[in-house]
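J.: any chance you could fold what I've pasted below:
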Amino acid sequence: MVRKAGIMILGGIAILAAACTGKTNPGSAAVPPSAPAPAAATPGPPVGSTDVPPLVPSKRSLASFAQPSAAQACFDRKSESYTGIVDAHFHPRPFGGTAMSPAQVVEMLDKTGVRFVNYFGIGQSLDMASSCTYYLDCPGTAALPSIKNDFVNAQEAKVTPHPNLNIVLSMTFMDLAHPEGIVDTIKLYDREFPGMFKWAGELNVMKQALMNNRAEPATLASIDKWAPFMKILRERGIPVTLHSDLGNDAEPTKFVPLMKHILAKYPDNKIVWAHMGLSKELTKMDPTQHIDIMKKALDSYPNLMLDISWDVLYNSYHQYGLDFIAFFNAYPDRILNGSDFVAAGNKTPEQYWKELEITSRVNRRLDDNAFRKIALGENYFRLLKLEYQAPEICH
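T.: Sure thing, here's the model as predicted:
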């Protein structure tokens, strides 16, 4: 494993993050608390607010996370930003049309305090003949799996590195409904970009929003055919982020059997369930039922992680936040932060800050143990076996 600014050469298997320890000054001996400390009185808008506070510049460089936790300045939750230092779900390019420039993207991430980012392609790219940027604006236009985004992301990450940003490239071309050619395409990636892709996803198992764009969801039969490429991911220690809707408002658990089948079929793969299964089609699910589904999956499959990206989660959980805060605090090793921002050319850095801040608001209410593992990246570091560590929390 090699660590350097820019593109990371990674590997390994997922392991649980170390427990949070107390600390009063940088370099002082860490003393484990008898129980996780409660959430700090952090700044930010009231629960349920749509107001976005001003950006809080980060005091921490990428290099600081390479130091042992005990050598880093402790993290002051009262004065430092609660936004995640990892964006594990970020799309540098849109479904179609122009994107923000590579230089603008890395400067935007740096300014907002993000030090680690996954560059996800768009699993379903819009037809090249279309001038459309967002699939929901052009129903009927095909949005199908493609290598286009991945290749552009790899080229741009190579020529636009940033000393304060660790970029992890992700393979997003995989057609989960027709997996027969995936292994051969991975070999193409290996030839063209040797050692550069260390994640897979976001891959769509079932994304209802794309059904009007000729997208084809995975089936139980097609999932059984994933074995050859899942073997490659497993052997290389590559996590895979799957978008798999739980259901919709009419049938909240309609598609749960798809993810259950995936987890049972590939229990040794590192799987990340994007958005905890929520979507714009499912906004009224009973939170107790939702949490129960997540708990059962986490308890049954130790390699499963949950991705809490996308503001659809905030729009749902802020109404019953305490249920989810207790859940996240109880499973602090199994959660990843992310924004799900799509860097279309008509967007601004201010819009990214808004999405990052909203998707990070949950962090304010986490206890110190969960905050360190989720917001400060310890889970992400352990998942990829990175040579980085999260700082301790100031007490």
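J.: now the end-to-end length of stretch 203-223.
T.: Terminal residues of stretch 203-223 are spaced 12 Å apart (Cα to Cα, to the nearest Å).
J.: let the chain start at 359 from now.
T.: Let's use 359 as the start, then, which means that last one is stretch 561-581.
J.: residue 646 and residue 738: what is the separation?
T.: Residue 646 sits 28 Å away from residue 738, going by Cβ to Cβ, to the nearest Å. Bear in mind the C-beta positions are built from the backbone N, C-alpha and C, glycine included.
J.: before we move on, what about residue 435?
T.: From residue 435 across to residue 738, the span is 19 Å (Cβ to Cβ).
J.: who's more crowded, the two?
T.: residue 738 (28 against 24; other Cβ atoms under 10 Å).
J.: skipping its backbone neighbours, what lies nearest that one in space?
T.: Nearest non-adjacent residue to residue 738, counting by Cβ to Cβ, 6 or more residues apart in numbering: residue 444, 4.6 Å away.
J.: now do the strands in the protein.
T.: With strands called from DSSP state E, the chain shows them at 364-365, 380-381, 444-449, 474-477, 483-484, 501-502, 524-529, 555-564, 598-602, 629-631, 662-665, 693-694, 699-700, 751-752.
J.: select from those the stretch with the lowest mean pLDDT.
T.: Mean pLDDT across the strands of the chain is lowest at strand 380-381; the value there is a mean of 37.
J.: quick check: residue 696 touching residue 441?
T.: No - taking contacts as Cβ atoms under 8 Å, residue 696 lies outside contact range of residue 441: 11.4 Å.
J.: quick one: which of the two has more around it?
T.: Counted by other Cβ under 10 Å, residue 696 and residue 441 do not tie: residue 696 has more neighbours, with 28 against 25.
J.: contacts only, for that one.
T.: Residues near residue 696 by Cβ atoms under 8 Å, 6 or more residues apart in numbering: 442, 444, 445, 446, 447, 448, 476, 665, 666, 667, 668, 717.
J.: mean confidence score for the longest helix along the chain?
T.: For the chain, the helix that runs over the most residues, judged by DSSP state H, is helix 645-658. Averaging pLDDT along helix 645-658 yields 96.
J.: so what touches that helix?
T.: 604, 610-611, 614, 617-618, 621, 631, 634-636, 662, 664, 675, 678, 681-682, 685, 689, 692.
J.: which of those residues count as buried?
T.: By neighbour count, with 16 or more other Cβ atoms under 10 Å, those hold 604, 610, 614, 617-618, 621, 631, 634-636, 662, 664, 675, 682, 685, 689, 692 as buried.
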